[in-house]
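Engineer: all I have is the shape, not the residue letters:
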């Protein structure tokens, strides 16, 4: 259901005597503009303030609304003003309403869409007025190495924690980068910082990249802080999410742990925001508004007078350039980082290098554990007909379908289209259907065939396996509980898991991400290898094998040396020379329609608008250029590169609003992505 929110934040707040609330329909249409005024009856004036949620009439519907301001007059005649029907309990905190306004402006979106981010879970379901049933709190079984009691800090940890606790004690806004190698004790610093915030009666938010990390991090915080910890993530039931949100809203819980959306947790007197694995691209929201949770966290910390702590073993060049850093250069147990051996796959005909196959056999013989990363799902990358050359592709996207043999289907990993595996070619009737490439499903099958002797299991962790088991934590707990075995999977296996008995890490096809047409390709390749390397040797001897056809690639050689500083220095030099972030800002505008001409026409008009508003010396444009078809829609893209973010964002927002409001482009969808990842 649509909801309503007020747009303007400059209206005078005249207290309980106010009788006009300005509201705006929350709709996906960019062309619909508010605000809309409503008359507050005396029965509601004592209960309604900024952030209150109301049920109001809008056209022929009853919709949910959020009050963001009160006024004592309106441009609309009093007899034409409608009144809200009723107020709902526990509205949106006032500071989150203001944050939503900032997000709408910062990411070229609408206030309606931005407010959708901060509403209580399932807010639209409350229109009926029915009360929610009590639900059982989610249980968080711990995964990985645990520390229920606070261990003694190393000197490096103490030095890294001190500026954080000083800022908390002085109630001073501070933004810091915690650059620590894998196993250096970053989580313990997060725990100590949260404890310092709680001692002052303030709250804390701890962000993790994805739900794959949440079971482990939540488990550690629950062990340390008990019932004062709440979790917010999409895998909870709607009732559980609302119950956790309510505990935070009412102050029963003071620490929130969760992925990206937890940055909007309704915590009052916020003292600390932690962003763990801050390099991870999943902090960027894919829907409109396309916010970056790291930037939102920085803005929220600034407004709350809180401390922002971003931690990673492989931080983004942007963070290194902009933030003061505390460095943890050693693992807490004093063990060295595992040696990394780069294996040249040029000329090899098998998927596994002989040394990799031998290393996995040695792990089985020793009854140890290994983690193998292959950042590609499914059984085979694509199918083709050997007779006529036909490739099975998605009917709605310009991409090949991936074979998932266990399920007996071909799937598009963009739109979700599925079809059965063909027995013969539908064009030439040939039965010679070839399978190309290998993904995690096939790798699991092949390794199980070679290694699993009945007591050496092979586990798989990827999006498909999670769908089958419905729990990342369940897969990780089975791997942890096993006496020995191999965990294979996509990048999910490299995301901060702490298993002391893993002695071998393997990265297959390590150069795959280098082939992406993205200026961050080298950064991502370096981070992926370095993060996977950090999973090995935490409780003893360990080693890492990296298979690649580009053994001399800069990202791979630096990762093999565990040289994050050297890689970042070179990466910043390259970006400075090319004027890429952090030395500029990119804004990506995608226009889509069922047919290509309308999308292209809208893109050209947006470019024409920007040509007259952007300062040539401070901004440049590329495009429009065609993108591959996605979900049945043709797409064209414009990219703005600007040295000054605010003016460029305002110019793009105005241009998109102007073109989107034209009836000539009624069938075109507009998507704006500020600083795309």
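Structural biologist: Received the coordinates, thanks. Since the structure is predicted, the reported quantities are computational estimates derived from the model, not experimental observations. Residues are numbered from 1 along each chain as shown.
Engineer: tell me where the model's unsure across the chain.
Structural biologist: 1-19, 22-35, 126-148, 211-215, 467-470, 496, 539 (pLDDT under 70).
Engineer: residues touching the one residue sitting closest to the centre of it, list them.
Structural biologist: Nearest to the mean C-alpha position of the chain, by CA atoms, centre = their mean, lies residue 282 at 2.4 Å. Contacts for residue 282 were tallied using CB atoms under 8 Å, 6 or more residues apart in numbering; they are 209-210, 259-260. Where C-beta positions appear, they are placed from N, C-alpha and C, glycine not excepted.
Engineer: next: residue 192.
Structural biologist: By CB under 8 Å, 6+ apart, the contact list for residue 192 reads 150, 153, 161, 165.
Engineer: and what of residue 287?
Structural biologist: For residue 287, no residue meets the contact criterion (CB under 8 Å, 6+ apart).
Engineer: surely it is in a strand?
Structural biologist: No. Counting by DSSP: H, G, I helix; E, B strand; the rest coil, residue 287 is not found in a strand; it is coil.
Engineer: ramachandran angles for it?
Structural biologist: phi -90, psi 170 (degrees, to the nearest 10).
Engineer: circling back to that earlier point, from the contacts of residue 282, which is closest to residue 405?
Structural biologist: Here the nearest of the contacts of residue 282 to residue 405, counting by CB to CB, is residue 210; it sits at 26.0 Å.
Engineer: so which bits of the lengthiest helix in the chain are buried?
Structural biologist: Ordering each helix of the chain by length in residues (DSSP state H) puts helix 596-613 first. By 16 or more other CB atoms under 10 Å, the buried positions in helix 596-613 come out as 598-607, 609-610.
Engineer: next: stretch 584-592.
Structural biologist: Applying 16+ other CB under 10 Å to stretch 584-592 flags 584-592 as buried.
Engineer: just stretch 309-328 next, same as before
Structural biologist: 309-321, 323, 326-328.
Engineer: picking up where we left off before, list the strands paired with the helix or strand that the longest helix of the chain is followed by, with their directions.
Structural biologist: Next helix or strand after helix 596-613 toward the C-terminus (DSSP states H and E): strand 619-630. Note on strand 619-630: by DSSP bridges, its sheet partners are strand 633-642 (antiparallel).
Engineer: next SSE after the strand it pairs with?
Structural biologist: Using DSSP H and E, the first helix or strand after strand 633-642 is helix 645-660.
Engineer: which residues sit against that next one?
Structural biologist: So helix 645-660 is contacted by 30-31, 105-108, 585, 587, 589, 602, 605-606, 609-610, 613-615, 618-619, 640, 642, 665, 668, 670, 672, 674 (CB under 8 Å, 6+ apart).
Engineer: contacts for stretch 414-425?
Structural biologist: Contacts for stretch 414-425 (CB under 8 Å, 6+ apart): 383, 385, 387-388, 390, 392, 394-397, 399, 401, 403, 405, 408-412, 430-433, 630-632.
Engineer: now, of those, which are buried?
Structural biologist: With burial judged by 16+ other CB under 10 Å, the buried subset of these is 383, 385, 387, 390, 392, 394, 396-397, 399, 401, 403, 410-412, 433, 630.
Engineer: which strands and helices sit next to the helix or strand harbouring residue 294?
Structural biologist: Using DSSP H and E, the element containing residue 294 is helix 293-304. In terms of contacts (3 or more CB pairs under 8 Å, 6 or more residues apart in numbering; DSSP states H and E), helix 293-304 is packed against helix 94-106, strand 203-207, strand 270-276, strand 307-312.
Engineer: tell me the gap between the helix or strand harbouring residue 165 and the middle of its chain.
Structural biologist: For residue 165, the enclosing helix or strand under DSSP H and E is helix 155-169. Between the mean C-alpha location of helix 155-169 and the chain-wide mean there is a distance of 28 Å, by CA atoms, centre = their mean, to the nearest Å.
Engineer: after that helix, next one along is what?
Structural biologist: Sequence-wise, the next helix or strand downstream of helix 155-169 (DSSP H and E) is strand 174-180.
Engineer: orientation of that following strand relative to helix 155-169 in degrees?
Structural biologist: Computed by axes from the mean of the first three to the mean of the last three CA atoms, to 10 degrees, the angle separating strand 174-180 from helix 155-169 equals 160 degrees.
Engineer: contact partners of strand 174-180?
Structural biologist: Under CB under 8 Å, 6+ apart, the answer for strand 174-180 is 160, 163-164, 167, 186, 189, 278, 298, 301, 307-313, 315, 319-320, 323-329, 564.
Engineer: okay, buried residues for the helix holding residue 165 please.
Structural biologist: Of all the residues in helix 155-169, those buried under the rule 16+ other CB under 10 Å are 156-157, 160-161, 164-165, 167-168.
Engineer: all strands for the stretch 251-400 of the chain, in order.
Structural biologist: Per DSSP state E, counting those that start in this stretch, the stretch 251-400 of the chain carries strands over the ranges 255-258, 270-276, 307-312, 325-328, 340-344, 369-373, 382-385.
Engineer: any idea which of the ones you listed gets closest to residue 221?
Structural biologist: Closest among these, using CB to CB: strand 255-258, at 5.4 Å.
Engineer: so how far is that closest one from its chain's centroid?
Structural biologist: Mean C-alpha position of strand 255-258 versus that of the full chain (CA atoms, centre = their mean) differs by 15 Å.
Engineer: got it, and stretch 108-115?
Structural biologist: Taking CA atoms, centre = their mean, the mean C-alpha location of stretch 108-115 is offset from the chain mean by 19 Å.
Engineer: can you check stretch 656-672 too?
Structural biologist: Centroid displacement of stretch 656-672 relative to its chain, using CA atoms, centre = their mean, is 27 Å.
Engineer: with stretch 283-296 instead?
Structural biologist: The answer for stretch 283-296 is 7 Å, by CA atoms, centre = their mean.
Engineer: what comes up buried for that stretch?
Structural biologist: Within stretch 283-296, judged by 16+ other CB under 10 Å, the buried ones are 283-285, 288-296.
Engineer: now tabulate the buried residues of helix 596-613 in CSV and tack on distance to residue 578.
Structural biologist: CSV is the format used below for the buried residues of helix 596-613 (distance: CB to CB, whole Å):
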residue, distance to residue 578
598, 33
599, 29
600, 28
601, 31
602, 29
603, 24
604, 26
605, 29
606, 25
607, 22
609, 27
610, 21
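Engineer: name the nearest of those relative to residue 437.
Structural biologist: residue 599 (31.7 Å).
Engineer: quick one: residue 45 and residue 578, what's the gap?
Structural biologist: The spacing between residue 45 and residue 578, counted by CB to CB, to the nearest Å, is 58 Å.
Engineer: the two: which has the busier surroundings?
Structural biologist: Each of residue 45 and residue 578 has its neighbours counted (other CB atoms under 10 Å); residue 45 has more, 16 against 11.
Engineer: for that one, give its distance to residue 84.
Structural biologist: Distance from residue 45 to residue 84, by CB to CB: 11 Å.
Engineer: with residue 417 instead?
Structural biologist: Distance from residue 417 to residue 84, by CB to CB: 44 Å.
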